[in-house]
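Novice: need coordinates for the below:
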Amino acid sequence: MYRKGAVGISWLQDFYNSQKKEPVKDIEPALINAIFRLYDRFPRLGLTGRTGQQDMSLDIADAYIHGRNAMIEAGVGIGKSFAYLIPGLLINQISRQPVIIATSSIQLSEQIHRDLRFIGSRLGFSMVRSVVGKGMGQYACRLRAAELSGAEASSGSPLLSLAERIMHGEINERADLKSGVSDALWSNVCVNDCRFEYCHYRSTCSFYEMRAKINAGTSEMDFIIVNQDLLIRDLIKKKEGTKGLITDRPALIVIDEAHNLEAKVRDAQTLEFTLRGTCRALEDAVQILVRRSADRSLMSSLQLVTRCLRGIFRQVEADLRLTAKQDNDRIKVSEITGLPLLRGIQILQEFRLSLSVLVSRHEREIDNAYEAVGGMLHLFQVLAGTEKRYLLWAGSPRGEATLSICPKGISQFLKHSLFNGKTPVILTSATLCQTGETLEEQYAYLTQSLGYRGEYMERQPSPFDYPHHTMMYIARNVPYYTPANREAYLEAAYKELLRLCNVTDGRALVLFSAKEDMKYVHQKLSAEKLGWALHMQREGSSQDAIIAEFRASKGVLLSTGVFWEGVNIEGSDLSHLIVFRLPFPVPADPVYEYKAAMAGDPMQEVFVPDMLLRLRQGTGRLIRSETDLGIVSILDSRLSAGARNHYREQVLAALPFRRVTEDFGVLEQFVREKGIHR
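Specialist: I've put the predicted structure just below:
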């Protein structure tokens, strides 16, 4: 039960008492009135209410009352987290069921948790029980650390030092490492195969504690804040008929940064295989079967499948050496020949059948083995061409050759598992829409990608004064980018970037689509005598730490990946945002190749909409408050008027920058007029 909060809003208690026995359809007047009354309190509490924020709260309340899903684009600066937390607090109080909020990043999850505490206490709610749930890869595993500490290792080695700090309780999550850690190093000590109740360290494990809280009874938790990956894995498990990860029967599901949902669903449904990991899992499964049956002939079958795996990964490594340009590239796999894949399929089917007899014993080790063998069976079927429903690609995301498969279509999964009408679902982000005359047209790209079924709400525009505070500059003299003339493009774009950074005396965030481009520019700039400090995003480094360094120096930060979204740098420390290249997806990427094959006009239906979503996210990093001033520069002349590309008008219409120039002199004049310099 909620207690009356410090600000003494006794009517909240009256509201709860009067509504707790009413059916949902009869609470509309009281719920809508409660939202108005809460927003009326904003000025007295030192909070700034915005029309778009209040309208969004009312839309969410309406969706809950009528049991509908809703898609709402919320422009930068309207305060969308408050917009869904306020009705969420009331809905939780009415229903006595938890509200689930799913985000696309850990940073956003933690920010929402802070926002919940802040707005809840200010508006009179107290004892709001909440938990932040992250993926297991974010938590330190004391069992793995203990095994490393007990093994022979070089004294003082980074891995041994990390393991010892985990054992001493200094590190519970990756976020505790303020100086950052590489993915490769962290992968040795993070939770990757939890033993749950069978683990000796469960009583001191942050991961185990978190999982218990998010899977508690419906009346035991008020807000469950998770990343989208965790929500999707929960949906997958429930669809398969097994116990989910998150509590059943939530009152409402809010998915923030919903433009990332398609990629997150693909990631969650993707099975990854490395030679070392797959061979180990296969050996573990066979050892279980040998122990139960004493059938030593299984070992010869193991040897045949292992021989196939070694041959497969020899081919994958050759493909990667020939094709991949960077670790996160997804490349096609050459046809696998000369291996007895069909015999391997037959053996894996026999292994899985034998394990299925044992699964009923509810032993986690057997369950894991059954699941692992099933994944290998799918891989062999895809490689042999007997399974057509999966996409296949190779990569080396952690410096090790990796094969990945995932279902081709995800929209049907979401349509039946998420948008099924059992719980109202709110999709929100600052970038859900494309250009179009009707709401259906504007939301069409994500509707089709996600299999969305529900209502389209009016877009809530940003309250910031873009026409007077910003300008967009398009570099018309940089050569068009193509893979064939990449070198000429890089050299010209580098010179233009240097000139642009000098105009604002640094204070610039440069967004790259490719790590190779970023490294090239960093090497060139490092050889120059610069009037400002130079920073570059580092693998495994804390995002907050590198941003703090950038702000302190008012220099230039070269970045990619996560810096395209979720970064919030208010004030004059960031006055210039430079997009090095339009963020079109790679056409040869197997996922986009498949999506293009399904489209009538791939450029207009897939590549331009995808680029626009990412470009809108990236350029949204510039203006973060009412007083911010700044410039967006795009070093891709494919967007210039002279290029006459059909998507130019779509880009200009989708972005909020109304003052657009290709004249460097006009840009310099704007900088002088607005005082955008030291």
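Novice: which residues in the stretch 251-400 of the chain form strands?
Specialist: All strands of the stretch 251-400 of the chain, identified by DSSP state E, counting those that start in this stretch, fall at 252-255, 271-273, 390-395.
Novice: what packs against the second one?
Specialist: Meaning strand 271-273. When contacts are defined as 3 or more Cβ pairs under 8 Å, 6 or more residues apart in numbering; DSSP states H and E, strand 271-273 packs onto helix 364-384, strand 402-407. Just so you know, the C-beta spots here come from the backbone N, C-alpha and C atoms, and that holds for glycine as well.
Novice: quick one: the strands of the stretch 251-400 of the chain as a markdown table, columns for mean neighbour count, distance to A263 and mean pLDDT too.
Specialist: Listed next are the strands of the stretch 251-400 of the chain as a markdown table, based on neighbours: other Cβ atoms under 10 Å; distance: least, Cβ to Cβ, whole Å; pLDDT from 0 to 100:
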| stretch | mean neighbour count | distance to A263 | mean pLDDT |
| --- | --- | --- | --- |
| strand 252-255 | 24 | 13 | 98 |
| strand 271-273 | 20 | 15 | 95 |
| strand 390-395 | 20 | 13 | 94 |
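Novice: any chance of the ones you listed in a markdown table, plus distance to Q111?
Specialist: Below are these laid out as a markdown table (distance: least, Cβ to Cβ, whole Å):
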| stretch | distance to Q111 |
| --- | --- |
| strand 252-255 | 14 |
| strand 271-273 | 29 |
| strand 390-395 | 30 |
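Novice: figure out which of those strands is closest to Y443.
Specialist: strand 252-255 (14.1 Å; Cβ to Cβ).
Novice: who does that closest one touch, helix- and strand-wise?
Specialist: Where contact means 3+ Cβ pairs under 8 Å, 6+ apart, strand 252-255 is packed against helix 51-65, helix 80-95, strand 99-103, helix 228-239, strand 425-429.
Novice: any chance of the helices and strands packed on strand 271-273 in a markdown table, plus mean pLDDT, mean neighbour count and distance to I106?
Specialist: Shown next, in a markdown table, are the helices and strands packed on strand 271-273 (pLDDT from 0 to 100; neighbours: other Cβ atoms under 10 Å; distance: least, Cβ to Cβ, whole Å):
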| stretch | mean pLDDT | mean neighbour count | distance to I106 |
| --- | --- | --- | --- |
| helix 364-384 | 91 | 20 | 26 |
| strand 402-407 | 94 | 20 | 23 |
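Novice: will you turn those into a markdown table that also has distance to G506?
Specialist: As requested, the helices and strands packed on strand 271-273 are exported to a markdown table (distance: least, Cβ to Cβ, whole Å):
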| stretch | distance to G506 |
| --- | --- |
| helix 364-384 | 49 |
| strand 402-407 | 38 |
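Novice: out of those, nearest to N188?
Specialist: Nearest to N188 among the helices and strands packed on strand 271-273 is strand 402-407; the distance by Cβ to Cβ comes to 16.7 Å.
Novice: starting at the chain centroid, how far to that closest one?
Specialist: Relative to its parent chain, strand 402-407 has a centroid offset of 18 Å by Cα atoms, centre = their mean, to the nearest Å.
Novice: ok, back up a step: how about the helices and strands packed on strand 252-255 in TSV, adding mean neighbour count?
Specialist: Below are those laid out as TSV (neighbours: other Cβ atoms under 10 Å):
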stretch	mean neighbour count
helix 51-65	21
helix 80-95	24
strand 99-103	27
helix 228-239	20
strand 425-429	26
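Novice: figure out which of those is closest to Q442.
Specialist: Of all the helices and strands packed on strand 252-255, strand 425-429 comes closest under Cβ to Cβ, at 13.0 Å.
Novice: partner strands of the closest one, with direction?
Specialist: Strand 425-429 sits in its sheet next to strand 70-73 (parallel), strand 252-255 (parallel), going by DSSP bridges.
Novice: picking up where we left off before, which stretch in the helices and strands packed on strand 252-255 has the least confidence?
Specialist: Of all those, mean pLDDT reaches its minimum on helix 228-239 (a mean of 91).
Novice: what does that one contact?
Specialist: The contact list for helix 228-239, computed with Cβ atoms under 8 Å, 6 or more residues apart in numbering, reads 100, 102-104, 133-135, 214, 243-246, 253, 255, 257, 260-261, 264-265, 267-269, 413, 416-418.
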